[in-house]
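S.K.: Sequence plus predicted model, see below.
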Amino acid sequence: MQLFIIDSDPSCNFFTEQMLLLEGASLNHIHTFLSVKEALDALLSVSCQFPHIILLDLGIQVTDGWEFLEVLAQLDPEKISECHVFVLTSSVSTAEKERAKACPMVSGFLHKPLQGNVVRRLLRDPLESAGVNSSAFPCCRP
């Protein structure tokens, strides 16, 4: 299972990666990016295996997470149908959560730092993970 972590904070990327490893993810399948541009370059690369899960911080500088979602929505529908994007945030903004709920590309909304039970469920079944905690919401894909 390929996983992308997109967050401009290196310490958040490190912590999220360590939680994924602790819960059984393979280091060879975790890819971290400090910018949307880096992540998009990887996604558009011919050699890239499309990720099953993307953990996306919306507040990335320069090109933000919302712009990433817009580009992702324009990619091959067959590829993105197997990809689950989870907003990973430290924000408590209700407006941000509502905007994410309205986005068909977003499978769930998770708070930093990730907890072990959330990661275990995420790795086991991404669609089930939308209901992991009170801050998550059901999958809103069409």
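M.R.: Right, received. Where do you want to start?
S.K.: From now on I want contacts and neighbour counts done on CA atoms only, so please keep to that.
M.R.: Noted.
S.K.: Show me what counts as buried in the longest helix along the chain.
M.R.: When the chain is parsed with DSSP state H, its longest helix is helix 10-22. Neighbour-count burial for helix 10-22 flags 12-13, 16-17, 19-20 (criterion: 16 or more other C-alpha atoms under 10 Å).
S.K.: for the protein, what spans make up the helices?
M.R.: Ranges of helices in the chain, per DSSP H, are 10-22, 36-44, 65-73, 77-80, 94-102, 116-124.
S.K.: In a markdown table, list these along with distance to V87 and mean pLDDT.
M.R.: As requested, these are exported to a markdown table (distance: least, C-alpha to C-alpha, whole Å; pLDDT from 0 to 100):
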| stretch | distance to V87 | mean pLDDT |
| --- | --- | --- |
| helix 10-22 | 13 | 95 |
| helix 36-44 | 13 | 91 |
| helix 65-73 | 9 | 89 |
| helix 77-80 | 16 | 82 |
| helix 94-102 | 8 | 84 |
| helix 116-124 | 13 | 90 |
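S.K.: could the ones you listed go into CSV alongside distance to L58?
M.R.: Shown next, in CSV, are those (distance: least, C-alpha to C-alpha, whole Å):
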stretch, distance to L58
helix 10-22, 13
helix 36-44, 10
helix 65-73, 4
helix 77-80, 19
helix 94-102, 9
helix 116-124, 19
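S.K.: Quick one, which of those gets closest to L110.
M.R.: helix 116-124 (8.5 Å; C-alpha to C-alpha).
S.K.: Which secondary structure elements does that closest one sit against?
M.R.: With contacts taken as 3 or more C-alpha pairs under 8 Å, 6 or more residues apart in numbering; DSSP states H and E, helix 116-124 sits against helix 10-22.
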